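In: here's my sequence, what's the structure:
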Amino acid sequence: MIRWFFRGVSQRRLTTRYPRGPEPAPEGFRARALLEPGAVSGERARELAAVCLPGALAVDEHGALTLEDTRCIGCGLCAGELAMDRGYELARRGRGGAALPLPFRHSLHIRHVDTGSDGAVEQEIAALLNPYYDMHRLGLFFTASPRHADALLVTGPVTAPMEPALRRAYEAMPEPRVVIAAGTDACSGGIWTGPEVRGGVDRVLAVDVYIPGDPPSPIALLHGLLLAAGRVAEAAPASAGRERPMLAAAARGGAG
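Out: Below you'll find the model as predicted:
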């Protein structure tokens, strides 16, 4: 016991300082593809669209390549032609960019609903509770009851059997409330299609915050949750020619 005590007091702080400080991504990390409008067209555009498994890349009526970033899974099959975003702070507002409900400065209680996930996003969500990410220091908590929740965190494409449960959870939440789609599947439906798949969460409920990624990293999830709480801003859009700037501003409210 004494050995563990001295080990704890002698080691440096192990918890990330995000969002008070940046969290650099490891070398080779791929968040999603980046495409400058009109940069690729013609035959090459059609070739890239053909290899894109989730259909994030398509060709418009002018023959130019387009990118729907909420469908991108970061597979890298287009990396030889397109740049890859290496940032974590990918979350953005939904509902046409409308203002979120009143900010939750001190705490945000979250009800998580899996509407058909493959389990990848859930592993990243579980990591938020470990000592490194420690979401509780920021006043972020999971709750078992939607009646106690400020935010509804949805993972997976919405399947037909889970649609009624998702609606009931949302209707049981008190106002103000926010809906967060976490992961490519929840944002857009991803690669999943069929009569039993409704698609992304916004096919059922209006989404306040999208957190793309397949799966989004724990830092990406923290950024999305803090954005939903009104404590951080959206990161400046990344482009193929520059790195995404990291948000280093401290989150207001919460512990730590």
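
In: is it true that Arg32 touches Tyr210?
Out: No: assessed by CB atoms under 8 Å, Arg32 is found out of contact with Tyr210, at 11.9 Å. Where C-beta positions appear, they are placed from N, C-alpha and C, glycine not excepted.

In: which of these two has more neighbours?
Out: Higher neighbour count among Arg32 and Tyr210: Tyr210, with 28 against 25, using other CB atoms under 10 Å.

In: wasn't that one part of a strand?
Out: Yes: assessed with DSSP: H, G, I helix; E, B strand; the rest coil, Tyr210 lies in a strand.

In: would you confirm that it contacts Val179?
Out: No: contact between Tyr210 and Val179 fails when scored by CB under 8 Å: they sit 10.0 Å apart.

In: what sits in contact with each of these two?
Out: Taking CB atoms under 8 Å, 6 or more residues apart in numbering as the contact rule, Tyr210 and Val179 both touch Gly94.

In: what's the domain layout of the protein?
Out: 32-85, 92-228 (automatic domain parsing).

In: relative to Thr16, which of the ones you listed is closest?
Out: Closest to Thr16 of the domains of the chain, according to CB to CB: domain 92-228, at 5.9 Å.

In: name the spans of the stretch 1-150 of the chain whose pLDDT lies under the cut-off.
Out: 1, 4-13, 96-102 (pLDDT under 70).

In: if we use 80, what do you get?
Out: Counting by pLDDT under 80, the stretch 1-150 of the chain shows low-confidence ranges at 1-13, 95-103, 105.
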